[in-house]
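**Q** got a predicted structure plus its sequence, pasted below:
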Amino acid sequence: MTAQLLYFISPDQCNSENLKKIIHQRPEIKFVSMVGVDLGGNDTDAKIPTAVFLKDTDKFFRGEIHTDGSSVVLPGIATLNDGKVDFEADTSVNWFIDYNYEHLDPQTRLPVGT
């Protein structure tokens, strides 16, 4: 089972066109996960279903995807109710695909990937 799984996306594949192809070829990948870390080391993340992500792939590469920032601590800058964190893709590193081995995709019978 694990020989069929894709674990990394290399920097040369980190663009909108290639990412769309990979997602279409890998139906077991159900979510795109983004993580941000503030200057204090606090992190926030967002998991986006691939179907939704594919509609706005170019926005992701332009840094136009954001979350409310509820997990990020920005004292004196923003509060819980008015914080916002923009995510920008880092295309200079390998992207890791994390699989949930306890939850199988019914179509492929492979673990669901994020």
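**A** Alright, I've got the coordinates.
**Q** now do the longest helix belonging to the chain: distance to the chain's middle.
**A** Longest helix in the chain, counting residues (DSSP state H): helix 16-25. Here the centre of helix 16-25 is set off from its chain's centre by 13 Å, with CA atoms, centre = their mean, to the nearest Å.
**Q** now do stretch 94-113
**A** With CA atoms, centre = their mean, you get 14 Å for stretch 94-113.
**Q** and the gap between residue 102 and residue 25?
**A** 24 Å (CB to CB, to the nearest Å). All C-beta atoms are positioned from the backbone trio N, CA, C, and that covers glycine.
**Q** got the CA coordinates for the longest helix of the chain in CSV?
**A** What follows is helix 16-25, C-alpha atoms only, in CSV (Å, rounded to 0.1, in the frame of the first residue of the first chain):
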residue,chain,number,x,y,z
SER,A,16,-0.3,26.1,-9.8
GLU,A,17,-0.3,24.0,-12.9
ASN,A,18,1.7,21.0,-11.5
LEU,A,19,-0.2,21.1,-8.2
LYS,A,20,-3.5,20.8,-10.0
LYS,A,21,-2.2,17.8,-12.0
ILE,A,22,-1.0,16.1,-8.8
ILE,A,23,-4.3,16.6,-7.0
HIS,A,24,-6.3,15.3,-10.0
GLN,A,25,-4.0,12.2,-10.3
